[in-house]
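Visitor: structure of the sequence below:
(2 chains)
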2 protein chains.
Amino acid sequence: MKESISIGLLGLGTVGSGVVKLVQNHQEQLVHQLGCSLTIHKVLVRDIEKEREVDIRREILTTDYKEVVLNPEIDIIVEVMGGIEDTKKYILEAFQAKKHVVTANKDLIALYGSELQDAATANGCDLYYEASVAGGIPIIRGLADGLASDKIEKLMGIVNGTTNYILTKMDKEGLSYETALQNAQKLGYAEADPTADVEGLDAARKMAILSRLAFSMNIDLEDVEVTGISKVTKEDLKYGDMLGYTMKLIGYAHQVDGKAEVSVQPTFLSKNHPLSSVNDEYNAVYVYGEAVGETMFYGPGAGSLPTATSVVSDIVAVVKNMRLGVNGKNTLLPQYEKNLKKADERLAKYFIRLHVRDEVGAFSELTKLFSAYSISFEKILQLPLEEKGLAEIVIVTHKATMENYQSVLQHIRDLSVVKGIQSFYRVEGDGLK
Amino acid sequence: MKESISIGLLGLGTVGSGVVKLVQNHQEQLVHQLGCSLTIHKVLVRDIEKEREVDIRREILTTDYKEVVLNPEIDIIVEVMGGIEDTKKYILEAFQAKKHVVTANKDLIALYGSELQDAATANGCDLYYEASVAGGIPIIRGLADGLASDKIEKLMGIVNGTTNYILTKMDKEGLSYETALQNAQKLGYAEADPTADVEGLDAARKMAILSRLAFSMNIDLEDVEVTGISKVTKEDLKYGDMLGYTMKLIGYAHQVDGKAEVSVQPTFLSKNHPLSSVNDEYNAVYVYGEAVGETMFYGPGAGSLPTATSVVSDIVAVVKNMRLGVNGKNTLLPQYEKNLKKADERLAKYFIRLHVRDEVGAFSELTKLFSAYSISFEKILQLPLEEKGLAEIVIVTHKATMENYQSVLQHIRDLSVVKGIQSFYRVEGDGLK
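Guide: The predicted structure follows:
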């Protein structure tokens, strides 16, 4: 066994710098755990001359990925550069060169996870990606190991810090979506182009990764239905609050009888749900297992050191496997064929907010439509609107199939009493009782 | 490699029955993960004739522990019988017979964890005990693996479901301690003799186990300072609530400069602390790592199937080690010598509730005493009492050393204006701002 394990870094941005710092600062602890030291041997960067905030010798920086990926001295490649196609190519070359790979790249794993896993296994290499979902939270390990003896029925995640920050500010400080987004951008929680975050794409990638593991099924990114938060208004939050709900962007994965559904959508959570008090930029993943019941993992979803912590945990796992001579053997390949629920098998409660003409019989028109599609009401709130002759009506339904719900949404606009649909959301839990 | 791994169960109570059910119901999943099946081979019980709620053949029950512990067919001993001295003897004999042990016994691990670990290692055997702390929550694995590359500064746990249930009912429904305890007893959440729970002893055992792992230091049970909840009143909760705090029985472990403190005590948590919304019989462990920042693991602290889930996860880990031929090698022995903080190194905020004679200069007497011990006030609440001439005064201090705090408590009774100290608690977080 070598006395030092050499790491090749692809990328030296926020997460990469964190990895360098942790490996430098925790050398003593790592030696105690692993019986060997870790060395950062070579680092792929775009610009060698750039000022770095970490203490790293310029000689080990390179702009040629081959000096890292094909370097015979290097045992483990740590990919923290982001990107998809080039990055995939580098990682595949690394496996061919019999190097283990640790990555924090959710986009890559969401799109090409199965293919990369196959390449790793074929080469007797490890592929670990704890940091790709929910930065500092050890949820991948939790799903793979801790809950191994259970059947996971439901997984709900707040897996995007940007949107959680925006929704928290809208909720607690009454900000509009636009103002909250601007604040997030000022603080660096949101990008200049916030689309991937606010439209739920980032969360969808993470949910593809998590649901794949939770259900042991090859869920693809395009199987995840996505709705973002850019249309959520503070009025929606106000009415939800009155009925006992908090709005969160929830990644929802559910399976019953071997059939799965996965979505990302703004959701009204009952205020007594453990996820409803996860605020600001924090992430959390709630897991309901048949045997264990409710569990939740909470922590920072991003940030240099939190994410680097997960990366280094993965490095530790790879080195332990190296010492035990079992690399490439700890993989869990999917146990089941992909099987997705149809629209008439997907059950949920819904929140629907309407502007309705305040006239005799208005309500009976509504109830007739809902009854025609077997949807009953759990809660109703009617309030007068400033505009004369109009009323605000908020309906929370009992559980309904998605098929019936979509039919109601389609036909509700045709009702003469309905002036407009203001908003509609999934609902989870009981709310006010 | 064997096609089936044989398990010997010591005990067939609540948790033991859960283990039998999970192994029976998840056979397909387990085979997929392990490449072999699991069989319950022999079970130690007190009474063979007793009706069982699980489907188990009477022939495999025995009242002679040797038929389990020394049985040459058996690979893994699962100890779910509880008890200390006899149980320890059985487990030591199991190690001598080269059997791996999975236990859910917190009392045993808290008292004899190091000795048992040594015996396991000496015999090349595994000892796993995930279920000994916080039933269904994979916190031991989380500490050992997930946060391996971090330095844990603080760990706070709600690790006793009974007391959390009682405090939740006192807080949310305004029940007295006595009534809440009786309710808990009726529901089976509290024992007829609730001492071990309500006086914090159960939580102390779990904190000894957790802090040992978190700080890699041999913390003993008697190093854990313990105060229970039996003196907590609903008046305390009311005044805490007014100042922005929720009361929880908190296991607190903190280290700085390699020196540790561990305690269990009723604590006022700021309402924005993630632990403050952990209600009813649920458990949660909050971990603050230097790199990762705040994380929290939440789930059921007890119950047949949740606890059994953790036991079966441990069995899975042992079987994986068997297949890899690495049993007895995954142990983390303590890295540091035990080093505990002294009273002048322990810092905390405190909540002190007094009855004070409502006379001129009363407050200046109080401030003089606190100033003499360098303790300043963060919050003060004074309200008139029904008894004429008396006032209720609640003080929340800024951070003070335990030494100074204890001196103040000692001398406060001597002040002529103080009629009595109603209560005093540790405070965590900022409360109302």
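
Visitor: between the longest helix along chain A and helix B:304-324, what angle do the directions make?
Guide: For chain A, the longest helix by residue count, based on DSSP state H, is helix A:304-324. Helix A:304-324 runs at 50 degrees relative to helix B:304-324, counting by axes from the mean of the first three to the mean of the last three Cα atoms, to 10 degrees.

Visitor: who are the packing partners of whichever helix or strand comes after helix A:304-324?
Guide: Next helix or strand after helix A:304-324 toward the C-terminus (DSSP states H and E): strand A:347-357. When contacts are defined as 3 or more Cβ pairs under 8 Å, 6 or more residues apart in numbering or on different chains; DSSP states H and E, strand A:347-357 sits against helix A:234-242, helix A:362-372, strand A:390-397, strand A:400-401, helix A:402-412, strand A:418-428. For the C-beta atoms, the positions are set from N, CA and C on the backbone; glycine is no exception.

Visitor: now do A:His411: how many residues are near it, please.
Guide: 14 (other Cβ atoms under 10 Å in any protein chain shown).

Visitor: just the one 3 residues further on next, same as before
Guide: Neighbourhood size, A:Asp414 [other Cβ under 10 Å]: 8.

Visitor: which SSE is it in?
Guide: Element membership for A:Asp414, per DSSP H and E: none, as it lies in no helix or strand.

Visitor: how much space between the residue lying closest to A:Glu67 once chain neighbours are set aside and A:Thr62?
Guide: Spatial nearest neighbour of A:Glu67, excluding adjacent residues (Cβ to Cβ, 6 or more residues apart in numbering or on different chains): A:Lys42 at 5.8 Å. A:Lys42 sits 6 Å away from A:Thr62, going by Cβ to Cβ, to the nearest Å.

Visitor: so between the two, which is more surrounded?
Guide: The residue with more neighbours, out of A:Lys42 and A:Thr62, is A:Lys42; 23 against 16, by other Cβ under 10 Å.

Visitor: residues touching the more buried one, list them.
Guide: Contacts for A:Lys42 (Cβ atoms under 8 Å, 6 or more residues apart in numbering or on different chains) come out as A:Gly8, A:Leu9, A:Ile60, A:Thr62, A:Glu67, A:Val68, A:Asn71, A:Glu73, A:Ile74.

Visitor: ok so it is a helix residue?
Guide: No. Counting by DSSP: H, G, I helix; E, B strand; the rest coil, A:Lys42 is located in no helix; its state is strand.

Visitor: beta partners for it?
Guide: A:Gly8 (DSSP bridges).

Visitor: now render the contacts of A:Lys42 as a markdown table, adding pLDDT, distance to B:Ile219 and secondary structure.
Guide: What follows is the contacts of A:Lys42, written out as a markdown table (pLDDT from 0 to 100; distance: Cβ to Cβ, whole Å; DSSP: H, G, I helix; E, B strand; the rest coil):
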| residue | pLDDT | distance to B:Ile219 | secondary structure |
| --- | --- | --- | --- |
| A:Gly8 | 98 | 39 | strand |
| A:Leu9 | 98 | 37 | strand |
| A:Ile60 | 97 | 40 | helix |
| A:Thr62 | 98 | 46 | strand |
| A:Glu67 | 98 | 47 | helix |
| A:Val68 | 98 | 43 | helix |
| A:Asn71 | 97 | 43 | coil |
| A:Glu73 | 97 | 41 | coil |
| A:Ile74 | 98 | 39 | coil |
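
Visitor: which one of those has the most neighbours?
Guide: A:Leu9 (29 neighbours).

Visitor: just the element for the residue lying farthest from the centre of chain A, please.
Guide: Distance from the C-alpha centroid of chain A, by Cα atoms, centre = their mean, peaks at A:Val360 (46.2 Å). If you go by DSSP H and E, A:Val360 is not part of any helix or strand.

Visitor: so who does A:Glu263 touch?
Guide: I think there's a mix-up here, since residue A:263 is Ser and not Glu. A:Met207, A:Val224, A:Glu225, A:Val226, A:Thr227, A:Gly251, A:Tyr252, A:Arg426.

Visitor: go again with 10 Å.
Guide: A:200, A:203-204, A:207, A:211, A:223-227, A:250-254, A:346, A:348, A:402, A:426 (Cβ atoms under 10 Å, 6 or more residues apart in numbering or on different chains).

Visitor: now A:Ile315
Guide: A:Ile315 neighbours (Cβ under 10 Å, 6+ apart): A:5, A:7, A:19, A:22-23, A:30, A:34, A:38, A:75-76, A:78, A:100, A:102, A:128, B:148-149.

Visitor: ok, those residues vs B:Ala184, which is closest?
Guide: Nearest to B:Ala184 among those is B:Ala148, at 37.1 Å by Cβ to Cβ.

Visitor: for the stretch 1-150 of chain A, give me the ranges with low pLDDT.
Guide: Applying pLDDT under 70 to the stretch 1-150 of chain A flags residues A:1, A:145-148.

Visitor: for it, what spans make up the strands?
Guide: Listed in chain order, the strands of the stretch 1-150 of chain A (DSSP state E, counting those that start in this stretch) span A:4-10, A:37-44, A:61-62, A:76-79, A:100-103, A:127-128.

Visitor: counting contacts, what elements does the last one pack onto?
Guide: Under the contact criterion of 3 or more Cβ pairs under 10 Å, 6 or more residues apart in numbering or on different chains; DSSP states H and E, strand A:127-128 touches helix A:85-96, strand A:100-103, helix A:106-122, helix A:304-324.
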